[in-house]
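Student: Build the 3D model from these lines:
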Amino acid sequence: MKIDNTTSMRDAFFGVVYDKAKEDDRVVVVSADMGAPSLDRFRRDFPNRFFNVGIAEHNMIAIASGLASEGKKVYTYAIAPFITSRCYEFTKLNAGLMKFPIKLVGVGAGFSYDDSGPTHHTTEDISIMRAIPHLEIYSPSDSVSAVKIAEMMDNSQNPSYARLDRKILPLVHDEDETFEKGFKELNRGKDIAILTTGNMVHTALEVSQRMGRENVGVIELYKIKPINPAVKDALTQYRQIVSLEEHLLEGGLGSIVSEIITDNNLPVKLKRIGLKDFIYAYGGRENIQKICKIDADSVIAEIRKL
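Tutor: Model prediction:
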């Protein structure tokens, strides 16, 4: 399908799944009461390979695991907090313990479902999902990277989780880029670089552009687990790394960077910017980000203190 600035990550991702299903009758989609134009097409053309279990995400994982045990390539789809925390035990046992290569697709990373409130916010998924053995984690920043990640997940023999943004975001990547490395330096800086993922890539690029002569780099991490060891080489090009995430600081991207720096004894300083120990209520995404001090103005102010 054609990808442009009007394409959602969800439709881009499931466009790939649809194309794979045309070639491989093992491809199955299990949805927890979720629809989309791309899923409507799948359901219409492959009615015997689309299952809607209703609002029962834990059962969705159990059904997907049974299908995977019989050799099916199963994609599960739900709102991100429900496909992660609501059915965590099922995923831990069926994906982590049994190693069934089920593919979890969650829409609504971070504050994507801003006005829907804390039941629909996904600000802890990285920390809990990376604790599951064998589970790969992907976090695209635009629809092009969503396509590439769908292809990577299709080729993987491991269980995997993709955290998609609900909003339609501007394109960052070109369709001819390769993504196997798991990260990319989008802007080369001098002494300081922001390492980020998902929606916050756009904030980081804005910060880099606005800071101009201060020459702040931007590194995007779109494969969060397992981490490519080459990331440490990218980090050591800088004196100071700033991790930026629309996620709780506990166990999130900043924790991952801290582990890399500590485990490899890297001569790099780290400043973590993310959500404090608090659950946020209702409001537009931009307003919530300002409250949390992860908006561009707040990030610039923090960097200038370094």
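
Student: State the number of residues packed around residue 90.
Tutor: By the criterion of other CB atoms under 10 Å, residue 90 has 18 neighbours. Bear in mind the C-beta positions are built from the backbone N, C-alpha and C, glycine included.

Student: The closest residue to it other than its chain neighbours - how many residues pack around it?
Tutor: Of all residues not flanking residue 90 in the chain, residue 61 sits nearest, at 4.0 Å (CB to CB, 6 or more residues apart in numbering). Number of residues near residue 61 (other CB under 10 Å) recorded here: 30.

Student: Could you check how far residue 61 is from residue 103?
Tutor: From residue 61 over to residue 103 the distance is 11 Å, taken as CB to CB, to the nearest Å.

Student: go on, residue 80?
Tutor: In this view, residue 80 and residue 103 are 14 Å apart by CB to CB.

Student: coming back round to it: could you confirm the residue nearest to residue 90 falls within a helix?
Tutor: Yes. Residue 61: assigned to a helix according to DSSP: H, G, I helix; E, B strand; the rest coil.

Student: Let me know the pLDDT of the residue nearest the centre of the chain.
Tutor: Using CA atoms, centre = their mean, the residue of the chain that lies closest to the mean C-alpha position is residue 139, 2.2 Å off. If you check residue 139, the pLDDT there is 99.

Student: List phi and psi for it.
Tutor: Residue 139 has phi and psi values of phi -140, psi 90 when expressed as degrees, to the nearest 10.

Student: So for the lowest-mean-pLDDT helix or strand in the chain, what gets flagged as buried?
Tutor: Ranked by mean pLDDT, DSSP states H and E, the helix or strand of the chain with the weakest confidence is helix 37-45, at a mean of 87. For helix 37-45, the neighbour count (16 or more other CB atoms under 10 Å) marks 38, 39, 41, 42, 43 as buried.

Student: which SS state does residue 166 fall under?
Tutor: Assigned with three-state DSSP, residue 166 falls in the coil class.

Student: hang on, the earlier thing: next one: the residue nearest to residue 90 from residue 30, what distance?
Tutor: When residue 61 is compared with residue 30 (using CB to CB), they lie 9 Å apart.

Student: ok, how many other residues are close to residue 282?
Tutor: Counted with other CB under 10 Å, residue 282 comes out at 12.

Student: And for residue 113?
Tutor: Burial of residue 113 is recorded as 21 neighbouring residues (other CB under 10 Å).

Student: picking that back up, residues touching the residue nearest to the centre of the chain, list them.
Tutor: Contact analysis of residue 139 by CB atoms under 8 Å, 6 or more residues apart in numbering lists 109, 126, 162, 163, 197, 198, 221, 222, 223, 224.

Student: could I get the residues you listed as a markdown table with distance to residue 145?
Tutor: Below are these laid out as a markdown table (distance: CB to CB, whole Å):
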| residue | distance to residue 145 |
| --- | --- |
| 109 | 13 |
| 126 | 16 |
| 162 | 10 |
| 163 | 12 |
| 197 | 10 |
| 198 | 9 |
| 221 | 11 |
| 222 | 6 |
| 223 | 10 |
| 224 | 13 |
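
Student: Beta-bridge partners for residue 183, please?
Tutor: Counting by DSSP bridges, residue 183 is bridged to residue 221.
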